[in-house]
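Trainee: My questions concern the predicted model and sequence given below.
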Amino acid sequence: MADEPLAGPGMPFIVELKAGEYWLCRCGHTKKPPLCDNTHLSGADQPRRIELAENTALVLCGCGKTANRPYCDCSHGKLPVK
């Protein structure tokens, strides 16, 4: 499975998740980013699975430029301002 950028609005997603399995959207069609809601349109847009052993606060990439997917590495700060 290709490791496509996490779809998002450009800024990181700060989420608090309970222990368990989660699927992160990579197609940009979800209504509840950054989590997948199964609205992806093709096989190429499959979500990325993460599993948490304990309740965790995460900062997830929203710009797709991080070198540490799916986690934010502040690459959004290097993007040109539109």
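Mentor: Nice, thanks for sending it over.
Trainee: alpha carbons only for contacts and neighbour counts from here, please
Mentor: Fine.
Trainee: Where does pLDDT dip in the protein?
Mentor: Within the chain, the stretches with pLDDT under 70 are 1-9, 42-44, 80-82.
Trainee: Tell me where it has helices.
Mentor: With DSSP state H, there are no helices along the chain.
Trainee: Which parts of it are strands?
Mentor: Listed in chain order, the strands found in the chain under DSSP state E are 13-17, 20-24, 48-52, 56-60.
Trainee: how many neighbours does Tyr71 have?
Mentor: Residues contacting Tyr71 under the criterion other CA atoms under 10 Å number 17.
Trainee: Spit out the contact partners of the closest residue to it other than its chain neighbours.
Mentor: Distances taken as CA to CA, 6 or more residues apart in numbering place Leu60 nearest to Tyr71, at 4.4 Å, with adjacent residues excluded. For Leu60, the contact set (CA atoms under 8 Å, 6 or more residues apart in numbering) comprises Pro12, Phe13, Ile14, Val15, Pro34, Arg69, Pro70, Tyr71, Cys72.
Trainee: Let me have those in TSV, extended by distance to Ala53.
Mentor: Compiled in TSV, those are given as follows (distance: CA to CA, whole Å):
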residue	distance to Ala53
Pro12	22
Phe13	20
Ile14	18
Val15	15
Pro34	19
Arg69	18
Pro70	17
Tyr71	17
Cys72	20
